[in-house]
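Chemist: Got a sequence here, can you model it:
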Amino acid sequence: MELPFRSFPFDTYLLVSYYWGMENRKKQIVDLAIKLIQQKGYVAFSYDDISKQLGVTKASIHYHFEKKEDLGVAVAERILLRLQESLMLIKNSSASAEEKLKQFIQQQAQRFECTEICPISSLQTDYESLPSAVQEKIGEVSRLELRVMKELVAEAQTENIINSSEDVHQVAVTILSSVKGALLYRRVLGNDVLTEVLNQLDSFLKKP
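Modeler: Predicted coordinates:
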């Protein structure tokens, strides 16, 4: 991508280009770390994995993230930002409560390849082995994810899409657990499991 700084003096352009490249490398590292967490888990991946796949030295990775804990925090912050963006899009959407709920469930379920699971689920699985700073961040992420789902469920109840007698918290937890569990089963049994769970959720949540 061309940098939007060509009107700057040449030495300034070089400096900005340098920092642009550094930020891009930092983003690549976080992106790949998320991918590895989805595939292998936080505990199982190493800077050596990132070094080999990006074709960079481990020293260059340590330059951006001195410790794996620092990278773990950056990963959790990226996930948190995505959830915050999703929440804002949902709040500002003109779609019906039913469509919002379906879109969020589909988004949570189908943006990963067959061998991958939700990065939040993967980090939750490794929770006891995570550094305290990463534990704190993944706790924040987990609470926000549940909050988003609870808001969607509550809105759907208001519009009589979901039975209003159901407890909002319990329904939200059930939906998230079902989708994330289906992603795990899909790893072994294939896409049909995920499709079946999504179809079952669709019928289960409808107001009788």
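Chemist: Now do the closest residue in space to residue 76 that isn't next to it in sequence against residue 197, distance only.
Modeler: With CB to CB, 6 or more residues apart in numbering as the criterion, residue 76 has its nearest non-adjacent residue at 3.5 Å, and that residue is residue 137. C-beta: built from backbone N, CA, C; applies to glycine. Per CB to CB, to the nearest Å, residue 137 is found 28 Å from residue 197.
Chemist: With residue 177 instead?
Modeler: For residue 177, the distance to residue 197 - CB to CB - is 10 Å.
Chemist: more neighbours, the two?
Modeler: residue 197 (20 against 11; other CB atoms under 10 Å).
Chemist: pLDDT score for the more buried one?
Modeler: Residue 197 carries a pLDDT score of 87 in this model.
Chemist: What of residue 23?
Modeler: 68.
Chemist: Where does residue 82 fall, secondary structure wise?
Modeler: Element membership for residue 82, per DSSP states H and E: helix 68-92.
Chemist: Now do the buried residues in that helix.
Modeler: In terms of neighbour count (16 or more other CB atoms under 10 Å), helix 68-92 has its buried residues at 68, 71-76, 78-80, 83, 86-87, 90.
Chemist: Include distance to residue 129 and pLDDT when you put the residues you listed into TSV, please.
Modeler: Formatted as TSV, these follow (distance: CB to CB, whole Å; pLDDT from 0 to 100):
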residue	distance to residue 129	pLDDT
68	11	97
71	15	97
72	11	97
73	15	97
74	18	96
75	15	96
76	14	95
78	20	93
79	18	92
80	20	92
83	23	87
86	27	81
87	29	81
90	32	80
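Chemist: Going along the chain from the helix or strand containing residue 27, find the next helix or strand for me.
Modeler: Assigned by DSSP H and E, residue 27 falls within helix 10-39. For helix 10-39, the following helix or strand on the C-terminal side (DSSP H and E) is helix 47-54.
Chemist: What residues sit buried inside the very next helix or strand once past that following helix?
Modeler: Sequence-wise, the next helix or strand downstream of helix 47-54 (DSSP H and E) is helix 58-64. Going by neighbour count (16+ other CB under 10 Å), the buried part of helix 58-64 is 61, 64.
Chemist: Only C-alpha atoms, please: export helix 58-64 in PDB.
Modeler: Presented in PDB, the C-alpha positions along helix 58-64 are these (Å, rounded to 0.1, in the frame of the first residue of the first chain):
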ATOM      1  CA  LYS A  58      13.400 -13.700  16.800                       C
ATOM      2  CA  ALA A  59      15.300 -10.600  17.800                       C
ATOM      3  CA  SER A  60      13.000  -8.500  15.600                       C
ATOM      4  CA  ILE A  61      10.000 -10.000  17.400                       C
ATOM      5  CA  HIS A  62      11.500  -9.300  20.800                       C
ATOM      6  CA  TYR A  63      12.000  -5.700  19.600                       C
ATOM      7  CA  HIS A  64       8.200  -5.300  19.400                       C
END
